[in-house]
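Enquirer: Sequence and predicted structure below; questions after.
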Amino acid sequence: SYEVKAPKIVLIGSYSRVSFIIDLFSDVFNLSQTTREAMQKAGTDKFADAYGIKWDWENIAPVNTIKSYDGEILFIHDKGDSEVPIDEVTELHQSKPDAKLMITEGLGHRRILRNKEVVAEVLGFIQQEA
């Protein structure tokens with residue numbers, strides 16, 4: 001089986017399911033449902049045996065992969081993120097309710113990475129003894 005060995009992870013502005021990214025990409029490029037399905041099948045076929053697990057789109061969705069993660073998690077998301085809606089982190093947090101959650105406001109999807117308070121929160125979280 002494939003495991004993450006890191007004692008802590010931080011997810012900033014993360015989506016909860018891979019289908020979110022596929023749908024976003026498909027919408028941006030106005031892909032038909034047939035093309036979306038072909039794209040998903042191509043990914044499944046390519047990576048089916050690559051990681052020693054039963055690989056499919058739901059198996060690699062963060063909402064599912066974090067369920068078996070034993071380390072600490074910090075989710076950071078902005079209320080006004082226009083690229084990845086806040087509902088995505090809500091679903092992630094419901095999947096792992098003991099994870100730490102930081103919600104910002106007014107930083108969007110990109111400025112959040114340069115915000116001093118966010119950087120300080122990440123550093124404090126990583127440096128804190130488990």
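Expert: Looks like it arrived, so ask away.

Enquirer: Count the residues that sit near the nearest residue to Glu58 once chain neighbours are set aside.
Expert: Residue nearest to Glu58 in three dimensions, not counting chain neighbours: Asn64, with 6.0 Å by C-beta to C-beta, 6 or more residues apart in numbering. From N, CA and C alone the C-beta is placed, and that goes for glycine too. Each residue near Asn64 was counted by other C-beta atoms under 10 Å, and the total is 15.

Enquirer: can I assume Asn64 is in contact with Trp57?
Expert: No - between Asn64 and Trp57 there is no contact under C-beta atoms under 8 Å: 9.9 Å.

Enquirer: tell me, what residue is most central in this structure?
Expert: Centroid-nearest residue in the chain: Ser14, 3.7 Å away (criterion: C-alpha atoms, centre = their mean).

Enquirer: quick one, phi psi at that one?
Expert: phi -90, psi 150 (degrees, to the nearest 10).

Enquirer: Need the pLDDT of the nearest residue to it once chain neighbours are set aside.
Expert: Nearest-residue entry for Ser14: Pro62, 5.9 Å, with adjacent residues in sequence omitted and distances by C-beta to C-beta, 6+ apart. The predicted structure scores Pro62 at 89 on the pLDDT scale.

Enquirer: same thing with the one 3 residues further on?
Expert: In this model, Thr65 is scored at 85, pLDDT.

Enquirer: how would you label it: helix, strand or coil?
Expert: The local conformation at Thr65, judged by DSSP: H, G, I helix; E, B strand; the rest coil, is helix.

Enquirer: how close does the closest residue to it other than its chain neighbours get to Val18?
Expert: Computed as C-beta to C-beta, 6+ apart, the closest residue to Thr65 that is not its neighbour in sequence is Asn59, at 7.6 Å. As for Asn59, its distance to Val18 is 9 Å (criterion: C-beta to C-beta, to the nearest Å).

Enquirer: by contact count, what packs against the lengthiest helix in the chain?
Expert: With secondary structure taken from DSSP state H, the chain has its longest helix at helix 33-47. With contacts defined as 3 or more C-beta pairs under 8 Å, 6 or more residues apart in numbering; DSSP states H and E, helix 33-47 has these neighbours: helix 18-28.
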